[in-house]
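Chemist: Predicted model, plus sequence, below.
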Amino acid sequence: MKIKLSKSGLLVAIVFTVCFCRDAYGQGAKGDTKADEEVRARQARVENGIEPVTPGNGQAPLQVSLANLMKTFHVPALSVAVIDGYKIAWAKAYGVTQEGGSDPATTKTLFQAGSISKPVAATGMMALVEQGKLSLDEDVNAKLKSWKVPENEFTTEQKVTLRRLASHTAGLTVHGFPGYDVDERVPTVPQVLDGIKPPANTPPVRVDFVPGTKWRYSGGGVTIEQLVMTDVTGKAFPALMKQLVLEKAGMTDSTYEQPLPPAWQSRTATGTYRDGKLVHGKWHVYPEMAAAGLWTTPTDLAKFVIEIALSKQGKSNRVLAQKSVDEMLTHPPSAPEFGIGFAVPLNRAGEFGHDGADEGFQAQLIMNGDTGQGVAIMANSDYGILVANEYVRSLAKEYGWKNPIEARGTGGELMLLSKLRGAQETVARYEEIVKASGKKPDEGLQNMMGYLMLNSGRVDLAIALFQRNVDEYPESSNVYDSLGEAYAAAGKKDLAITNYEKSLQLDPKNTNAVGWLKKLKGQQ
């Protein structure tokens, strides 16, 4: 499918065509060997194997290229490292380092890893456990010096431990972090954990259910893990992680330094929002290093998970012993699909990994310790994972992965269609899907559709979809919250307040509604 370009987009298109990809095979040299030719042939099949999109109403499927997807979804650069047979089969970078720029991305271009920082950090924590400096199941307050987890009714009998922090079962708040603009004052880690007061920009990290009783993702908890590691060793986190993990795994293009040192800055991609706007200053700064602060490349991430997979089999101990890796890839009772640091999906035998998202950056890391296959893929875009999913689905098919990647699904299909064909046609396709199902609309899917319309500037369509969700699911706090947001976007303040108040009535813990009500009532 072709996309019309304005005059202002013409130069970008030309640059994109010329600089679309840079290869690296082995040490990065291109040869004429049969092996090199085979790699290039496989790359081409992956790039051209993206599933078509179904527009509905009997129309022919839309053929979608990788370049088309990257352009449509404002993904300036996509960098990939493919793992096969416990080795990096090849690495390749596509596009340019900055939206509208001309510098080609290479396999050495640095990206922010987002939450993929967590399993790497957990590996460093496990190294300290091996050294006897930390214990997985001890109350972390026994080791913390510069800050303590506030005790409350939830910690009377069960305590916050490193195992629970790294597996997201410690009962802690704060899902993730937005980072800090390069011109903002950056808080210390204890200031982040106490929250509320500037310069911290997130709520306090606190226990609000009994540790060990259930799973809830908490970047706040992983930030406590970071503080335990630095308090015990007396070392700065970047230096500690370099010593414990990065150097030993051969991750020479990786660092947890925040902000990034000047010597590294020229090698980075620039973060990109969903609308194509650039992140101010190129990126945000993350003092929550263990949770979100790793700068790296797909090649280095591939080296990391290959080392973990080999350790699991007892074939390497450069970073961790086999017993430690077994601990990391074992689910605690209250975390059915998460180990220590890694996501470990139940229905995908042998697989472990993590996704990541920082401001303007997204990434995926997938490894199968049984088959030796996997991929690391990074992008400088808030739509990076959407495009990565399409690429990885084609890659898994080409390499015959034991666990095929799930089909695109209705949500993914509609999201692609909204960008490729516009709001009106997407809504028509959605209604066709609902009618064919013979059921009332799914709450989550319809909510997603509402936000697709809202993000497309079609506030009228968003309000209609959110209102239908309210009619269908009147006991859901979330549907009123979403309708309130749409009314706020439409400038209908009274209706926005009414819906946020209803959302808060149904869920008194809805902090988003609290914030919006303060804003709408002029209290902040």
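Modeler: That came through fine.
Chemist: now the strands: where do they sit in the stretch 251-400 of the chain?
Modeler: Applying DSSP state E, counting those that start in this stretch to the stretch 251-400 of the chain gives strands spanning 295-296, 351-358, 361-368, 373-379.
Chemist: Deepest-packed of those, please.
Modeler: Scoring these by mean neighbour count under mean count of other Cβ atoms under 10 Å gives strand 373-379 as the most buried, with a mean of 29. For the C-beta atoms, the positions are set from N, CA and C on the backbone; glycine is no exception.
Chemist: can you give me the mean pLDDT across it?
Modeler: Strand 373-379 shows a mean pLDDT of 98.
Chemist: Centre of the chain to it, how far?
Modeler: 12 Å (Cα atoms, centre = their mean, to the nearest Å).
Chemist: the inter-axis angle of that strand versus strand 361-368?
Modeler: Interaxial angle, strand 373-379 versus strand 361-368 (axes from the mean of the first three to the mean of the last three Cα atoms, to 10 degrees): 180 degrees.
Chemist: And strand 373-379, what does it pack against?
Modeler: strand 77-84, helix 298-312, strand 361-368, helix 384-398 (3 or more Cβ pairs under 8 Å, 6 or more residues apart in numbering; DSSP states H and E).
Chemist: Using PDB, write out every CA atom in the following helix or strand past the first one.
Modeler: This points to strand 77-84. Next helix or strand after strand 77-84 toward the C-terminus (DSSP states H and E): strand 87-95. Extracted C-alpha coordinates of strand 87-95, given in PDB (Å, rounded to 0.1, in the frame of the first residue of the first chain):
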ATOM      1  CA  LYS A  87      23.900 -17.400  18.900                       C
ATOM      2  CA  ILE A  88      23.200 -14.100  17.300                       C
ATOM      3  CA  ALA A  89      22.300 -15.200  13.800                       C
ATOM      4  CA  TRP A  90      22.200 -11.600  12.600                       C
ATOM      5  CA  ALA A  91      21.500  -8.000  13.600                       C
ATOM      6  CA  LYS A  92      20.000  -5.300  11.500                       C
ATOM      7  CA  ALA A  93      18.900  -1.700  11.900                       C
ATOM      8  CA  TYR A  94      16.200   0.100   9.900                       C
ATOM      9  CA  GLY A  95      15.400   3.800   9.300                       C
END
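Chemist: circling back to that earlier point, now the strands of the stretch 251-400 of the chain in CSV, with distance to Val387?
Modeler: Listed next are those as CSV, based on distance: least, Cβ to Cβ, whole Å:
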stretch, distance to Val387
strand 295-296, 19
strand 351-358, 13
strand 361-368, 9
strand 373-379, 7
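Chemist: Looking at these, which is nearest to Thr106?
Modeler: The closest of the strands of the stretch 251-400 of the chain to Thr106 is strand 373-379. By Cβ to Cβ, the value is 12.3 Å.
Chemist: So what touches the closest one?
Modeler: With Cβ atoms under 8 Å, 6 or more residues apart in numbering as the test, strand 373-379 has contacts from 75, 77-85, 111, 113, 296-299, 301-302, 305-306, 309, 353, 361-368, 384-385, 387-388, 391-392, 395, 399, 401-402.
Chemist: mind listing the helices in the stretch 401-524 of the chain by residue range?
Modeler: Along the stretch 401-524 of the chain, counting by DSSP state H, counting those that start in this stretch, helices occupy 409-421, 423-437, 443-455, 459-472, 477-489, 493-506, 511-520.
Chemist: Compare those and give me the one nearest Val186.
Modeler: Proximity to Val186 (Cβ to Cβ) singles out helix 511-520 among the helices of the stretch 401-524 of the chain, at 22.3 Å.
Chemist: list the buried ones in the closest one?
Modeler: By 16 or more other Cβ atoms under 10 Å, the buried positions in helix 511-520 come out as 512-513, 516-517, 520.
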